[in-house]
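Trainee: Got a sequence here, can you model it:
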Amino acid sequence: AIEDKLQEGVPDVIASLRMAGVKVWVLTGDKQETAINIAFSCQLLNNDMDIIVINARTKEDTRNQLEAALQTHIWKATTAGSSASMADPTLPAPEVTENAELALVIDGMTLTHALAEDMKHLLLELGKHCKSVVCCRSTPLQKAEVVRLVRDNMKAITLAIGDGANDVSMIQAAHVGVGISGQEGMQAVMSSDYAIAQFRFLHRLLLVHGRWDYKRNAKLINYCFYKNMVFALTQFWFAFYSGFSAQTMFDGWTIAVFNVLFTGLPIIMYGMLEQDVADTTVEKVPQLYRSGHRNQEFNLPRLLIWLAEAAFQSLVIFFAVRLIFDQGILSSGGQNGGVFLMGAMIYALVVLVVNLRLAFEIQHWTYLNHIFVWACIASWFIWMLFYTAIPTFISASATEAGIYRVGLHLMGSPVFWLSLLVVPVVCLMPGILAKVVQRTWAPRPEQIVQEIEKFYPERLDAPLVGPNDKTEMAVPLVGDEEERGVIKRGIRHLGRSLMKSRAFTGFAFDQESGAADAFHMKKKRRHHIFRKSKTPAPPAEQEMSQVAVPPVQPAAKKKNRNSAVIPGPAAAQLHNEDSSSLDTL
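Mentor: Numbers count the residues shown, from 1 in each chain. A predicted model of the protein is given here:
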């Protein structure tokens, strides 16, 4: 016989995904008992859950069981009250509450009827309120239909992961498909978006790199709108003075290289290298992944804030330069420039402000970030000196318009250098103050973790308080007496959970070799002992253990056999002692 085994780290990965707010549905072709064993082994199911098992053979029976489960576990209304509300539309609808301790197990025959057009909304409604869903005896087509049901009817991003050819349709139906290269061939890998060697690599792929990519892309898109708005709006304000005559302040070549030479490379490096929180920290605090579920980084209000900032900065830059030129004197020699000289000054301030704005967003500085940010700012000065100083590079019309030697005239003015110090401060100060106020009075979870990384790195190695998936943000605490008390309560909660989880651990899929044989040996031994002693069995949490049991001693050794028998009061006393010793941790 072949003993199935879970890959290394599967329970830990699933626990982290649930802490990160990811709902896990298991779609498998195994029979129901095997699927439940696997779910218990990888911590998808536990003894604290109210497991709803739906097994039906007809469509009507499927509908009745789904409605009964919804009525019993989801809708906080009696059957009579629900019927009354259906008869009288003026009555309020049944209250819908989310129970985080529900789990659904449904087989393939029932799934065939539940995925019908007139019934799939009941399955989806029940699945949404369940902490875990296990679909067993599922065909490849049913797997794909379940994925499409969630993808098309919920505001959620679906990810399907599988390792065999029967998972190809499911992988292709999801938004993101991940294939595991294993002993079942390469069909899943060839049909997926990402390929990994083991399931445990999904933890880093999703919670670390997935989170980083989301934050990088969100900031990249917002910043690209911002920097181009600053550049374009300065020309828009100039149109009020030019009578909307289509006259521009900037030379054509200078406009063309704005996103290529002066502002493009820094944001590319940001999108490749930015890390707001270290990867090891994200692995310890998976709740940081929840910001993506709420679209906190990329949404319309966030974009409008960037655009409002761009409008303000363009106003400051244009009218500050306009005020300087209204004085009539730009240099100590009494020379005054034309429209291209004013445009060059505005252009320099735009390049400086947008690059400094990005510099304030960078939280993970590398030598590449330093090179590209400061090099792009310096490249404008090199460009102006080189481009405007050589007549052969300038067309006749541009020479007549006054582009020739504009760079030399501009950089020879003390007012220009003073404006490079004053105007960026005025442009960036409101945003900096807003960040200070927000970080001080309404910090986001990642900002709290950043400060812990910076000032209290040892706290990241402490136990996490509140490890369940209801916790908004698990904060590591060590230090004073009050903090240690919080940790003790967290440890006691974890200890009790571990004791309860021993009642059903799925030994057939344990990591240890021969664990299934040890389990059956111990079960047989306990049955023999309690039958001889006529003593009631202890509580369920003491029946199973993941430690291999030594061989059963011969029946003649009555002393050893009787020593294994724990009378009822003594068992209760021992259980109380264990609980009290656990409370002292």
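
Trainee: mind listing what the closest residue in space to Glu101 that isn't next to it in sequence touches?
Mentor: Excluding the flanking residues, the one nearest Glu101 by CB to CB, 6 or more residues apart in numbering is Met49, at 5.2 Å. Quick note: C-beta positions are derived from backbone N, CA and C, even for glycine. Counting by CB atoms under 8 Å, 6 or more residues apart in numbering, Met49 makes contact with 101-103, 131-132.

Trainee: cutoff 7 Å now
Mentor: Met49 sits next to 101-103, 131 when contact means CB atoms under 7 Å, 6 or more residues apart in numbering.

Trainee: Quick one: buried ones out of those?
Mentor: Buried subset of those (neighbour count, 16 or more other CB atoms under 10 Å): 102-103, 131.

Trainee: Gln187: which of those residues is nearest?
Mentor: Proximity of the buried ones among the contacts of Met49 to Gln187 (CB to CB) peaks at Ala103, which lies at 30.2 Å.

Trainee: what's downstream of whichever strand or helix holds the closest one, the next helix or strand?
Mentor: Using DSSP states H and E, Ala103 sits in strand 102-106. Going down the chain from strand 102-106, the next helix or strand is helix 108-114, by DSSP H and E.

Trainee: any residues touching the helix or strand just after that following helix, and which ones?
Mentor: Scanning forward in sequence from helix 108-114 by DSSP H and E, the next helix or strand is helix 120-128. By CB under 7 Å, 6+ apart, the list of residues contacting helix 120-128 from outside reads 66-67, 69-70, 74, 104, 114-115, 133, 149, 153.

Trainee: what's the angle between helix 120-128 and strand 102-106?
Mentor: Relative orientation of helix 120-128 versus strand 102-106 (axes from the mean of the first three to the mean of the last three CA atoms, to 10 degrees): 130 degrees.

Trainee: What helices and strands are in contact with the helix or strand that helix 120-128 is followed by?
Mentor: For helix 120-128, the following helix or strand on the C-terminal side (DSSP H and E) is strand 132-135. With contacts taken as 3 or more CB pairs under 7 Å, 6 or more residues apart in numbering; DSSP states H and E, strand 132-135 sits against strand 24-27, helix 32-41, strand 102-106.

Trainee: Out of those, which is closest to Ile390?
Mentor: Nearest to Ile390 among these is strand 24-27 (64.6 Å), distances taken as CB to CB.

Trainee: hey, C-alpha coordinates of the closest one in PDB?
Mentor: Written as PDB, here are the backbone C-alpha positions of strand 24-27 (Å, rounded to 0.1, in the frame of the first residue of the first chain):
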ATOM      1  CA  VAL A  24      -8.800  28.500   1.000                       C
ATOM      2  CA  TRP A  25     -11.100  26.100  -0.900                       C
ATOM      3  CA  VAL A  26      -9.900  22.500  -1.500                       C
ATOM      4  CA  LEU A  27     -11.100  21.000  -4.800                       C
END
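
Trainee: partners of it, with directions?
Mentor: strand 132-135 (parallel) (DSSP bridges).

Trainee: hey, C-alpha coordinates of the partner strand in CSV?
Mentor: C-alpha atoms of strand 132-135 as CSV (Å, rounded to 0.1, in the frame of the first residue of the first chain):
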residue,chain,number,x,y,z
SER,A,132,-12.9,26.5,4.8
VAL,A,133,-14.6,24.7,2.0
VAL,A,134,-13.7,21.1,0.9
CYS,A,135,-15.1,19.8,-2.4
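
Trainee: For Gly164, see how far away Ile38 is.
Mentor: Distance, Ile38 to Gly164, by CB to CB, to the nearest Å: 15 Å.

Trainee: Which of those two has more residues huddled nearby?
Mentor: Ile38 (22 against 16; other CB atoms under 10 Å).

Trainee: So which elements touch the helix or strand where Gln235 lies?
Mentor: If you go by DSSP H and E, Gln235 is part of helix 211-239. Helix 211-239 sits against helix 264-273, helix 300-326, helix 339-361, with contacts defined as 3+ CB pairs under 7 Å, 6+ apart.

Trainee: cutoff 8 Å now
Mentor: Helix 211-239 sits against helix 264-273, helix 290-293, helix 300-326, helix 339-361, with contacts defined as 3 or more CB pairs under 8 Å, 6 or more residues apart in numbering; DSSP states H and E.

Trainee: and it, which residues are buried?
Mentor: Within helix 211-239, the residues that count as buried by 16+ other CB under 10 Å are 211-212, 214-216, 218-224, 226-227, 229-231, 233-235, 237-238.

Trainee: Leu349 against Val425, yeah?
Mentor: No. Using CB atoms under 8 Å, Leu349 is not in contact with Val425, being 11.4 Å away.

Trainee: coming back round to it: are any of the contacts of helix 120-128 buried, and which?
Mentor: For the contacts of helix 120-128, a neighbour count by 16+ other CB under 10 Å gives the buried set as 66-67, 69-70, 74, 104, 114-115, 133, 149.

Trainee: Can you give me every residue that contacts Arg444?
Mentor: Residues in contact with Arg444 (CB under 8 Å, 6+ apart) are 291, 296.

Trainee: Would you mind measuring from Leu44 to Ala144?
Mentor: Distance from Leu44 to Ala144, by CB to CB: 21 Å.

Trainee: go on, Val437?
Mentor: Separation of Val437 from Ala144 (CB to CB) stands at 49 Å.

Trainee: Neighbour count: these two, which is higher?
Mentor: More neighbours surround Ala144 than the other of Val437 and Ala144, with 21 against 10 (other CB under 10 Å).

Trainee: Need the winner for burial among the helices and strands packed on helix 211-239.
Mentor: helix 339-361 (a mean of 22; mean count of other CB atoms under 10 Å).

Trainee: Give me the next element, helix or strand, following it.
Mentor: Proceeding N to C from helix 339-361, the next assigned helix or strand is helix 367-389, under DSSP H and E.

Trainee: Now do that next one, average pLDDT.
Mentor: Mean pLDDT, helix 367-389: 90.

Trainee: Repeat that for stretch 17-30.
Mentor: Averaging pLDDT along stretch 17-30 yields 90.

Trainee: rewinding a little: now do the strand holding Ala103: which elements does it pack against?
Mentor: Using 3+ CB pairs under 8 Å, 6+ apart, the elements in contact with strand 102-106 are helix 32-41, strand 50-54, helix 120-128, strand 132-135.

Trainee: for the next helix or strand after the shortest one, packing partners?
Mentor: Scanning the chain past strand 132-135 towards its C-terminal end, the next helix or strand to appear is helix 140-153 (assignment: DSSP H and E). The contact analysis (3+ CB pairs under 8 Å, 6+ apart) places helix 140-153 against strand 24-27, helix 108-114, helix 120-128, strand 132-135, helix 168-173.

Trainee: quick revisit: dump the helices and strands packed on strand 102-106 to JSON lines, plus distance to Gly407.
Mentor: Output for the helices and strands packed on strand 102-106, formatted as JSON lines (distance: least, CB to CB, whole Å):
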{"stretch": "helix 32-41", "distance to Gly407": "70"}
{"stretch": "strand 50-54", "distance to Gly407": "75"}
{"stretch": "helix 120-128", "distance to Gly407": "63"}
{"stretch": "strand 132-135", "distance to Gly407": "66"}
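
Trainee: Deepest in the core, which of these is it.
Mentor: Comparing these by mean neighbour count (mean count of other CB under 10 Å), strand 132-135 ranks first with a mean of 24.

Trainee: Quick one: residues in contact with that one.
Mentor: Contacts with strand 132-135, where a contact means CB under 8 Å, 6+ apart, come from 23-28, 35-36, 39, 44-45, 49, 103-108, 111, 127, 142-143, 146.

Trainee: repeat that for 6 Å
Mentor: Contact with strand 132-135 is made by 25-27, 35, 39, 44-45, 103-106, 111, 127, as judged by CB atoms under 6 Å, 6 or more residues apart in numbering.

Trainee: Then stretch 340-353?
Mentor: Applying CB under 6 Å, 6+ apart, the contact partners of stretch 340-353 are 230-231, 234, 249-250, 262, 313, 317, 321, 325, 377, 380, 402-403, 406, 410, 423-424, 427.

Trainee: distance of Glu453 from Asp50?
Mentor: Going from Glu453 to Asp50 by CB to CB gives 39 Å.
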